[in-house]
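**Student:** Give me a 3D structure for the following:
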Amino acid sequence: MASENAAQPLQVCRDCGGGAAVDCKPVKAGTLSVVTSLPGPNFWGTTAAEVDPDKIKSGIEYDLANLIAAKCGLKMSFVNVGFDALVAGQIDPKTYDITLSQVTITADRAKVVDFSQGYFKADQGLLVKKGTAVKSWDDVKKLTVGVQASTTGEAFVTSADHPKSKLDKVKSFPDLASAYAALNAGQVDAVIMDTPINLGQASQSGGALEVVGQFTTGEEYGAIYGKGNGKKAIFDPIIQGFLDDGTVNKLIAKYLGGDPSTVPVIPIPGA
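**Tutor:** Have a look, this model is predicted:
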């Protein structure tokens, strides 16, 4: 069952509440209704253990959602849903205004939902226990790798669409928290997930975990809107404004435990 959490807008940008409010035509009067899928460490809360919407009060997308709400003269409320349903367009578009859930923009997903322009670059990162030696793709192939089901990370190492990066030893988990728990328990040797998310997990591990490399995929996160419901024309200019004035970069700097651009790239032969 989805849970709901309401929060007051955060003032962390220049002129975030200045001027007349944008008419965002909310599905629920007075409220910006947001959808996400928890956990979302450093995007909704700060750790993979935070899965109770009522307790989440911080994070890149949490703050961004509040800022968008402020632009609309609304309060922000969000619900937690399954990631599979979210990217499959199975959430009734009449029940929400915008989805912010570290969703990578893909052509297949765009067949069933509308995406905003990208607001966050996210290649795939390799999270391991500290001291695990990984220098090359040959080293990666020796590992048992955990992934979250229905993510681009899973597709990257299992799909026939990515023959150069397919791995033989992959375990899929229903959610990210389960994948990280498996890594901590030694059930997998590594977790492949978006580099910034894995950096956040490493920063919360007390030095036990580290992101030793990443793979260049050119991925970007985008907000999701109901297919053809007109929300894109309303919210894209607001998101672009937060990109242009540096607000998104400030949120990234605030919450991430490292700069994704400093993580070394592991080349994939033939890719």
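**Student:** Test my guess that residue 158 contacts residue 170.
**Tutor:** Yes: using C-beta atoms under 8 Å as the test, residue 158 is close enough to residue 170 to be in contact (5.6 Å). Every residue, glycine included, has its C-beta placed from N, CA and C.
**Student:** what about residue 219, how many neighbours?
**Tutor:** Neighbour count for residue 219, taken as other C-beta atoms under 10 Å: 20.
**Student:** right, and it touches residue 103 too?
**Tutor:** No: with contacts counted by C-beta under 8 Å, residue 219 stays clear of residue 103, the gap being 10.2 Å.
**Student:** Which pLDDT value does the model give the residue nearest the centre of the chain?
**Tutor:** The residue lying closest to the centre of the chain (C-alpha atoms, centre = their mean) is residue 102, at 1.8 Å. We have a pLDDT of 95 for residue 102.
**Student:** Give me the secondary structure label for it.
**Tutor:** coil (DSSP: H, G, I helix; E, B strand; the rest coil).
**Student:** quick one, what contacts it?
**Tutor:** By C-beta atoms under 8 Å, 6 or more residues apart in numbering, the residues touching residue 102 are 40, 43, 61, 120, 122, 194, 197, 221.
**Student:** Now it. Its backbone dihedrals?
**Tutor:** Phi and psi for residue 102, reported as degrees, to the nearest 10, are phi 50, psi 50.
**Student:** quick revisit: looking at the contacts of residue 102, which is nearest residue 150?
**Tutor:** residue 194 (13.6 Å; C-beta to C-beta).
**Student:** Distance of residue 121 relative to residue 151?
**Tutor:** 16 Å (C-beta to C-beta, to the nearest Å).
**Student:** Over to residue 224?
**Tutor:** Counting by C-beta to C-beta - residue 224 and residue 151 are separated by 14 Å.
**Student:** who's more crowded, these two?
**Tutor:** residue 224 (27 against 23).
**Student:** can you pull up the bridge partners for the more buried one?
**Tutor:** Taking DSSP bridges as the rule, residue 224 bridges to residue 99, residue 115.
**Student:** Does it touch residue 85 like I think?
**Tutor:** No: between residue 224 and residue 85 there is no contact under C-beta under 8 Å: 11.4 Å.
**Student:** Could I get the full set of helices for this structure?
**Tutor:** Here the chain has its helices, by DSSP state H, at 60-71, 83-87, 137-141, 152-158, 176-184, 195-203, 231-244, 247-255.
**Student:** nearest to residue 23, of those?
**Tutor:** Short answer: helix 231-244, nearest of the helices of the chain by C-beta to C-beta, at 8.0 Å.
**Student:** Give me the buried positions along the closest one.
**Tutor:** 231, 232, 234, 235, 236, 238, 239, 241, 242 (16 or more other C-beta atoms under 10 Å).
**Student:** next one: stretch 69-76
**Tutor:** 69, 70, 71, 72, 73, 74, 76.
**Student:** ditto for stretch 71-91
**Tutor:** 71-74, 76-83, 86-87, 89, 91.
**Student:** now that stretch: how far from the chain's centre is it?
**Tutor:** 13 Å (C-alpha atoms, centre = their mean, to the nearest Å).
**Student:** now swap in stretch 59-70 and tell me
**Tutor:** 14 Å.
**Student:** Any stretches of the stretch 151-271 of the chain with poor pLDDT?
**Tutor:** 257-258 (pLDDT under 70).
**Student:** circling back to that earlier point, can you tell me which of the contacts of residue 102 are in strands?
**Tutor:** 120, 194, 221 (DSSP state E).
**Student:** and the gap between residue 206 and residue 130?
**Tutor:** Applying C-beta to C-beta, the value for residue 206 to residue 130 is 10 Å.
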